[in-house]
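Asker: Need the 3D shape of this:
(4 chains, ligands or ions: 2)
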There are 2 protein chains.
Amino acid sequence: MRKGIPEKTVQRLLLYYRYLFFLLQQGAKNISSKSLADLLEIKDSQVRKDLSYFGQLGKRGSGYDVLALRDKIANILGIDKETNVCIVGMGNLGSALAAYKGFLALGFRIIAVFDNSKQKFGHKIKGYQCYDINQISKIIEENDIKIAILTVPAEAAQETAIKLEKAGIKAILNFTPVKLSLSKRTKISNVDLALELKTLSFFMGK
Amino acid sequence: MRKGIPEKTVQRLLLYYRYLFFLLQQGAKNISSKSLADLLEIKDSQVRKDLSYFGQLGKRGSGYDVLALRDKIANILGIDKETNVCIVGMGNLGSALAAYKGFLALGFRIIAVFDNSKQKFGHKIKGYQCYDINQISKIIEENDIKIAILTVPAEAAQETAIKLEKAGIKAILNFTPVKLSLSKRTKISNVDLALELKTLSFFMGK
DNA sequence: GACACAATGTGAAATAATTCACAAATATGA
DNA sequence: TCATATTTGTGAATTATTTCACATTGTGTC
Ligand SMILES: NC(=O)c1ccc[n+]([C@@H]2O[C@H](COP(=O)([O-])OP(=O)(O)OC[C@H]3O[C@@H](n4cnc5c(N)ncnc54)[C@H](O)[C@@H]3O)[C@@H](O)[C@H]2O)c1
Ligand SMILES: NC(=O)c1ccc[n+]([C@@H]2O[C@H](COP(=O)([O-])OP(=O)(O)OC[C@H]3O[C@@H](n4cnc5c(N)ncnc54)[C@H](O)[C@@H]3O)[C@@H](O)[C@H]2O)c1
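Answerer: Residues are numbered from 1 along each chain as shown, chains lettered A, B, ... in the order given. Ligands and ions are numbered 1, 2, ... in the order given. Down below sits the predicted model:
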């Protein structure tokens, strides 16, 4: 079922999910690919193509059942079961992310946060007990954590990534502007905020 | 020169820039598309194709001049001149972004930060004087600010975006999980961190 | 139940991005 | 100077993604 599904499709699925969630609260029962597409300013055929990867989810004549489709997408994306994550580097950005409620809404539970500074570990930050980075293997194993959010300074990024991989982390959401070099088995996704801003400004007014 | 350049190309240009910057510090004089590509784990032909949008920047036999290419990319991307930006919503995320040095390294100067809370405006946050959101038109005009980073709560996102557009903002980097509806003239780029994490986890181990 | 309308699902076509592959230019070294 | 090696720049081929277009199925009304 998850063979060769384009990344873009997965991302749009989440956008559909958010709207379906909202529509359900409004009491909507059915929605057509056209209406959903218009809300997102995309083509209706795109919506249908995306959903068609996962079976025949709609009904000709009346469209998609909002509740059923929302739950189907939740299931496809694994929103219906919790995934444990940790944050590594509890500075400005790490602390902000720890406070973000949007992760939990998609099934991500922040289980542990780490830092290497004595000012931080041993204390509570945004409600989370902060652990010493050197304890990471133990805590990751005890809590079945597969995903790490990396928000350490750029200089420490590569060495910390290696620690994460050794500790058993399978995927890293990397906020540092550093190209991490790890084994192919560890999935890395880069969030490069300066790059986003530069791209925006490049195309501004075009 | 900026006609029909793929967004992906612009983004890679910035990655090239960062490496060239670094290579220059190491004293490198020349670099081939192959070496640059290997550093980024992409194809050498991709590097050459990207650069070819902007002229014939290399030299057959010896590759690209590191300094000249870095400066050319800086010029293409406008890193060589400063762009003023503001941050709107100085909560967890807005404050973290205000502290980020990576924006300035690409030519973005945070000129003003805004909030609607009396606890915040009138005070200094991360070294920036925080202004009342209702003063935004005046301050944006006085300081020639064209780009806003939007980090207000989701509920306030759409109304705030409208304020920004009215105040003369031309581009918005939107961190809220809300699809903003504005006129076509305002360029919007969405940074959806929950979506990034979900995409990563979906493809984890695949 | 028949007719008009709505909306899906999906091959085929169009568009976009990446990769190939090679001629042309430059560099190196005997 | 010449032969060999390197490396670019770029059309052509390939691959990925989006959009089209329409047969098919379901809905609603008289
Ligand atoms: N602040 C932002 O808004 C922002 C935006 C984009 C990218 N980033 C990137 O995110 C990273 C963090 O930025 P920040 O502003 O939060 O920095 P910061 O200095 O505020 O925080 C970094 C934290 O990491 C901890 N740390 C340092 N070395 C460590 C190690 N080896 N192991 C574990 N923890 C360690 C520090 O004690 C500190 O708490 C940087 O790489 C930065 O480039 C930040
Ligand atoms: N915290 C994160 O790491 C994170 C991650 C991804 C996305 N986001 C999104 O970013 C936004 C901000 O998140 P946050 O955690 O910083 O929230 P926050 O509540 O800490 O901060 C929001 C700030 O906006 C101010 N504000 C509220 N209404 C305003 C208005 N009308 N005009 C101007 N300012 C206003 C508030 O006073 C507050 O200071 C949210 O939409 C959230 O979904 C946050």
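Asker: Only C-alpha atoms from now on, for both contacts and neighbour counts.
Answerer: Will do.
Asker: next helix or strand past the longest strand along chain A?
Answerer: If you go by DSSP state E, chain A has its longest strand at strand A:108-115. Using DSSP states H and E, the helix or strand that directly follows strand A:108-115 along the chain is strand A:124-125.
Asker: and that next one, average pLDDT?
Answerer: The pLDDT scores in strand A:124-125 average 96.
Asker: Next: stretch A:107-116.
Answerer: 98.
Asker: Just the CA coordinates for that stretch, please, in PDB.
Answerer: Taking C-alpha atoms only, stretch A:107-116 is exported to PDB below (Å, rounded to 0.1, in the frame of the first residue of the first chain):
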ATOM      1  CA  GLY A 107       0.200  11.500  17.100                       C
ATOM      2  CA  PHE A 108       3.700  12.500  18.100                       C
ATOM      3  CA  ARG A 109       4.500  12.500  21.800                       C
ATOM      4  CA  ILE A 110       7.600  14.200  23.000                       C
ATOM      5  CA  ILE A 111       8.900  11.700  25.500                       C
ATOM      6  CA  ALA A 112      12.400  13.100  26.400                       C
ATOM      7  CA  VAL A 113      14.500  16.200  25.800                       C
ATOM      8  CA  PHE A 114      18.300  16.300  26.000                       C
ATOM      9  CA  ASP A 115      21.100  18.800  26.300                       C
ATOM     10  CA  ASN A 116      24.800  18.800  27.200                       C
END
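Asker: for the residue located most distally from the centre of chain A, helix, strand, or coil?
Answerer: Distance from the C-alpha centroid of chain A, by C-alpha atoms, centre = their mean, peaks at residue A:61 (34.4 Å). The assignment at residue A:61 comes out as coil when based on DSSP: H, G, I helix; E, B strand; the rest coil.
Asker: Give the buried residues for the longest helix seen in chain A.
Answerer: Secondary structure of chain A read by DSSP state H shows that its longest helix is helix A:7-25. Going by neighbour count (16 or more other C-alpha atoms under 10 Å in any protein chain shown), the buried part of helix A:7-25 is A:9-21, A:23-24.
Asker: DNA strand C next: which of these are close?
Answerer: Among these, not one lies near DNA strand C by C-alpha under 7 Å from any atom of the strand.
Asker: closest to DNA strand D among those?
Answerer: Among these, residue A:9 lies closest to DNA strand D (C-alpha to the nearest atom of the strand), at 5.9 Å.
Asker: My guess is the closest one contacts residue A:50. True?
Answerer: Yes. The pair residue A:9 / residue A:50 is scored as a contact, 5.6 Å apart, by C-alpha atoms under 8 Å.
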